[in-house]
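**Student:** heads up, no residue letters with this:
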């Protein structure tokens, strides 16, 4: 039987002395060096693990009468063991489907105390484990309420996911600001510390993945929203860092490799509505924020490794021009389709090194799961399973996190 064409290519490459996986890693790490800029006291190129579910699990466990949350304990302990400096997790829960379960805000400025105690517990236990937190204050998407929920609460007609009125309607903006003020003013029932002064917090994000769909082409409306909302966070949490939580999209190719991006992606990263440069320049924003999901963003398979290198290094350079570090808040490739595990590992290792070379403040692979969460929970899960070594293939990337954490702070 004749070998399939991809296998022939692989065999040819091996015969010629080329290692396809090494080539992927090299492409992913092909980034110009830049001076290291840090996120506050974090080491340069720190590793941040994404585990969005902590408040939800903590609230459920407290409702059951437990005094601790096994999922929270496991996640924070393993994050520490892997060398992660921080965990990025939800600082919000407005979902109508979560009321009586884990929702924090159950109606405009009305709160469920048991769910808030779940957030209290996450903050307290993060301090105990020596792990910092990056907390998003809301969600662009429908999960856990999102922008649609705020628009619906305002009584506006036909709310949709990512509703642009979240950023422009005065009643909605004022509600969001008032909610932030109340949340950051809360005194933790476990340790007596106010959220806005809590030492476990590394940074607050204004929103998870705000996009400019439906807003003006130049990103002026989004920037106005960033300024107004970030000023409130700064007022109530003056000692904490503040970021936008955005994915890094922009309004023009200025500062980016236009030829590469036109060739690499089927959809544009530069369609407007929100501008990374404009938002990062806000005097109330302390660091630039980007995410990377090449498959979801329409990046061609053959350009994926280099796309990550470009996305990270170009944004790091733009943020550096503004005197600010870059936080790569999320990056991931799907587990069950597209690339093999070995290919994904090669690119992850290269992207971690690219973040280090580019001088990024931190990078965060999505999504670190505790053992009870099945693979089907999320397309991008990785683990550090009980009783395993980090390099166990079932963990996918745990050993790469250790490598990246060992490299951080060495610039």
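**Tutor:** Here it is on my side, so go on. Every value quoted in this text rests on a predicted model; they were computed, and no experiment measured them.

**Student:** C-terminal to the strand or helix carrying residue 261, what's the next element?
**Tutor:** Here residue 261, judged by DSSP states H and E, is contained in helix 258-264. Once helix 258-264 ends, the next helix or strand along the chain (criterion: DSSP H and E) is helix 276-280.

**Student:** Packing partners of that next one?
**Tutor:** Applying 3 or more CB pairs under 8 Å, 6 or more residues apart in numbering; DSSP states H and E, one finds that helix 276-280 contacts helix 220-236, strand 288-292, helix 304-321. The C-beta positions use only the backbone N, C-alpha and C, and glycine is treated the same way.

**Student:** let's see it at 6 Å
**Tutor:** When contacts are defined as 3 or more CB pairs under 6 Å, 6 or more residues apart in numbering; DSSP states H and E, helix 276-280 packs onto helix 220-236.

**Student:** Now the helix it packs on: buried residues?
**Tutor:** 221-226, 228-230, 232-234, 236 (16 or more other CB atoms under 10 Å).

**Student:** Repeat that for stretch 193-200.
**Tutor:** Buried-residue list, stretch 193-200, by 16+ other CB under 10 Å: 193, 195-196, 198, 200.

**Student:** Show me where the protein has its helices.
**Tutor:** 5-15, 20-28, 54-63, 70-81, 113-129, 146-153, 165-168, 170-185, 220-236, 258-264, 276-280, 304-321, 341-358, 398-407 (DSSP state H).

**Student:** Tabulate the ones you listed in a markdown table, adding columns for mean pLDDT.
**Tutor:** Shown next, in a markdown table, are these (pLDDT from 0 to 100):
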| stretch | mean pLDDT |
| --- | --- |
| helix 5-15 | 42 |
| helix 20-28 | 98 |
| helix 54-63 | 98 |
| helix 70-81 | 98 |
| helix 113-129 | 98 |
| helix 146-153 | 98 |
| helix 165-168 | 98 |
| helix 170-185 | 98 |
| helix 220-236 | 98 |
| helix 258-264 | 96 |
| helix 276-280 | 98 |
| helix 304-321 | 98 |
| helix 341-358 | 98 |
| helix 398-407 | 98 |
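
**Student:** Look up how far residue 105 lies from the spatially closest residue to residue 100 that is not a sequence neighbour.
**Tutor:** In this structure, residue 100 finds its nearest non-sequential neighbour in residue 112, 7.5 Å apart by CB to CB, 6 or more residues apart in numbering. Using CB to CB, to the nearest Å, we find residue 112 at a distance of 8 Å from residue 105.

**Student:** what's the answer for residue 362, then?
**Tutor:** In terms of CB to CB, residue 362 sits 28 Å off from residue 105.

**Student:** These two - which one has more neighbours?
**Tutor:** Neighbours per residue (other CB atoms under 10 Å) separate residue 362 from residue 105, with residue 362 holding more: 29 against 25.

**Student:** Report the beta-bridge partner residues of the more buried one.
**Tutor:** With DSSP bridges as the criterion, residue 362 is bridged to residue 46, residue 327.

**Student:** So it sits against residue 325, correct?
**Tutor:** No. Applying CB atoms under 6 Å, one finds residue 362 not in contact with residue 325, separated by 7.8 Å.

**Student:** residues shared between the contacts of those two?
**Tutor:** Common contact partners of residue 362 and residue 325 (CB atoms under 6 Å, 6 or more residues apart in numbering): residue 39.

**Student:** Give me the most central residue, the protein.
**Tutor:** Residue closest to the mean C-alpha point of the chain, counted by CA atoms, centre = their mean, is residue 329 at 3.2 Å.

**Student:** so how far is residue 234 from that one?
**Tutor:** In terms of CB to CB, residue 329 sits 19 Å off from residue 234.

**Student:** same thing with residue 146?
**Tutor:** Distance from residue 146 to residue 234, counting by CB to CB: 24 Å.

**Student:** I am assuming the residue nearest to the centre of the chain contacts residue 363, so please confirm or correct that.
**Tutor:** No. Using CB under 6 Å, residue 329 is not in contact with residue 363, being 8.3 Å away.

**Student:** quick one, phi psi at residue 190?
**Tutor:** Per-residue torsions, residue 190: phi -90, psi -40 (degrees, to the nearest 10).

**Student:** Check what pLDDT it gets.
**Tutor:** As summarised for this prediction, residue 190 has a pLDDT of 98.

**Student:** What residues does it make contact with?
**Tutor:** 120, 124.

**Student:** same check, this time on residue 35
**Tutor:** So residue 35 contacts residue 359 (CB under 6 Å, 6+ apart).

**Student:** cutoff 8 Å now
**Tutor:** Counting by CB atoms under 8 Å, 6 or more residues apart in numbering, residue 35 touches 320, 359, 411.

**Student:** Need the pLDDT of it.
**Tutor:** At residue 35, pLDDT is 97.

**Student:** For residue 289, see how far away it is.
**Tutor:** 19 Å.

**Student:** could you redo the buried residues of helix 220-236 as a markdown table and give each row distance to residue 208?
**Tutor:** Below are these laid out as a markdown table (distance: CB to CB, whole Å):
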| residue | distance to residue 208 |
| --- | --- |
| 221 | 19 |
| 222 | 15 |
| 223 | 18 |
| 224 | 20 |
| 225 | 15 |
| 226 | 14 |
| 228 | 18 |
| 229 | 13 |
| 230 | 15 |
| 232 | 17 |
| 233 | 14 |
| 234 | 19 |
| 236 | 19 |
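
**Student:** Just give me the closest of these to residue 284.
**Tutor:** residue 230 (3.5 Å; CB to CB).

**Student:** follow-up on the earlier one: how near is the residue nearest to the centre of the chain to residue 155?
**Tutor:** 32 Å.

**Student:** can you check residue 44 too?
**Tutor:** 47 Å.

**Student:** how long is stretch 369-388 from one end to the other?
**Tutor:** Taking CA to CA, to the nearest Å, the first and last residues of stretch 369-388 lie 14 Å apart.

**Student:** What are the contacting residues of it?
**Tutor:** Residues outside stretch 369-388 that contact it (CB under 8 Å, 6+ apart): 51, 53, 71, 74-75, 78, 81-82, 332-336, 365-368, 390, 392, 394-398.

**Student:** Got a ChimeraX select line for the buried ones in those?
**Tutor:** Listed next is the ChimeraX selection for buried residues among these, using 16+ other CB under 10 Å:
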select :51,53,71,74,75,78,82,332,333,335,365,366,367,368,390,395,396,397,398
